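> based on what follows, work out the 3D shape:
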Amino acid sequence: MIYDAVIIGDGPAGISAALYTVRANMKTLVLGLGDSVLKKASKIENYYGFSEPVSGEELVSEGEKQLKRLGGEILKEEVIGIEKEEVFHVKTVNNTYTARAVLIATGQKQASIKIQNLKKFEGRGISYCTTCDGFFYRGKKVGVLGYKDFALHEAKELLNFTGDVTVFTNGEKTGFTEEFPADKFKLNEKPIAAFEGNEYLEKIVFADGSEMPVDGIFIAYDTASSINFALKMGIMTRNQAIAVNDRQETNIPGLYAAGDCTGIFKQIAVAVGQGAIAAKNMIEYIRSQRGG
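This next block holds a predicted model:
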């Protein structure tokens, strides 16, 4: 089955876009984990149409109800990758969904990784993209820093280049939805104190004082972000955000972005507006792809 539109992100930008595509008779799927940062807002007083403060949780809930009432489909699944051939293939932990157009509306997550020298070795042994840089580590000792399904996905990608892959959780509790494949990877759950080396990364120093030599580390902390998707697909970015034009288009035809992941003024009204603009132009694109 092919969807007209797959929307990654179930916050204000994603749901707003879906409302328009569904009403335009576009077969639409929204994928998200229900973890919009909006849910953390206890009182919102500057959003149009509410005479009294409203909670972020309530806004998110009402938006989803509105979409479902119109026939929209929402699935709570983690997206771990996007690929494009003639159409798009959106990969989640357990499924792959095909679509004519895709909207990235994942917000702008700020994963906090407090490890000494992480920034120092970025591009010198520390990478954020297995697709971009895995080739340079053929036959070498590499690791993936993460503790959820996204980390396992990246570790599997690295098997195309080397058989020596370790998943480092940095002391975090693992959140894999499948049994860890110990026959393929090693698992190290120690907290990490620092990355060390001379010009390039050479070793990991753990909080207990022990050390491990390593040639490269790939960051896949928590869940995949908009920047992770951008790096893998060659989407243009600007200041750690996805670059879009005034139609919310990225540099890849059929791929759009809206909301905080585009580096906008972080307000619900702006995200909703961008979602609507993206949907309008997605609808035009989809109709051109399916011949009317």
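> all contacts plus neighbour counts: C-alpha atoms, from now on.
Fine.
> residues near the closest residue to residue 170 other than its chain neighbours, how many?
Ranked by Cα to Cα, 6 or more residues apart in numbering and with sequence neighbours excluded, the top spatial neighbour of residue 170 is residue 191, at 4.1 Å. In terms of burial, residue 191 registers 16 neighbours under the definition other Cα atoms under 10 Å.
> I figured residue 191 hits residue 209, correct?
No: no contact is recorded between residue 191 and residue 209 when judged using Cα atoms under 8 Å, the distance being 10.3 Å.
> quick one on the thing from earlier: can you tell me which residues contact the residue nearest to residue 170?
Each residue near residue 191 by Cα atoms under 8 Å, 6 or more residues apart in numbering is listed here: 169, 170, 171, 172, 206, 207, 208.
> let's see it at 6 Å
Taking Cα atoms under 6 Å, 6 or more residues apart in numbering as the contact definition, residue 191 lies against 170, 171, 206, 207.
> quick one: residue 241 from residue 105, how far?
Computed with Cα to Cα, to the nearest Å, the distance linking residue 241 and residue 105 is 11 Å.
> which of these two has more neighbours?
With neighbours defined as other Cα under 10 Å, residue 241 and residue 105 compare such that residue 105 has more, 31 against 19.
> tell me the contacts of that one?
Shown in contact with residue 105 (Cα under 6 Å, 6+ apart): 8, 9, 13, 14, 257, 258, 259.
> let's go with 8 Å and repeat that
7-11, 13-14, 226, 257-261.
> identify each buried residue in the lengthiest helix in the chain, please.
The helix of greatest length in the chain, counted in residues with DSSP state H as the criterion, is given as helix 268-289. Buried residues in helix 268-289, counted by 16 or more other Cα atoms under 10 Å: 268-283, 285-286.
> now do stretch 37-49
Here stretch 37-49 shows 38, 39 as buried, counting by 16+ other Cα under 10 Å.
> return it as CSV; C-alpha atoms alone will do.
Output of stretch 37-49 as CSV, limited to C-alpha atoms (Å, rounded to 0.1, in the frame of the first residue of the first chain):
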residue,chain,number,x,y,z
VAL,A,37,7.7,19.1,23.9
LEU,A,38,4.4,21.0,24.0
LYS,A,39,3.1,18.4,26.5
LYS,A,40,5.4,19.8,29.1
ALA,A,41,3.7,23.2,29.0
SER,A,42,1.3,23.5,31.9
LYS,A,43,-0.2,26.8,30.8
ILE,A,44,-0.5,28.4,27.4
GLU,A,45,-1.9,31.9,27.3
ASN,A,46,-0.8,33.2,23.9
TYR,A,47,-2.5,30.8,21.5
TYR,A,48,-5.5,32.2,19.5
GLY,A,49,-9.0,31.1,20.5
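> strands of the stretch 51-200 of the chain, start to end?
Along the stretch 51-200 of the chain, counting by DSSP state E, counting those that start in this stretch, strands occupy 73-76, 79-84, 88-92, 96-104, 126-127, 141-145, 164-168, 186-188, 192-197.
> excluding chain neighbours, give the residue nearest to residue 127 in space.
residue 218 (4.8 Å).
> which residues does that neighbour contact?
When contacts are counted by Cα under 8 Å, 6+ apart, residue 218 is found next to 126, 127, 128, 129, 130, 142, 143, 144, 145.
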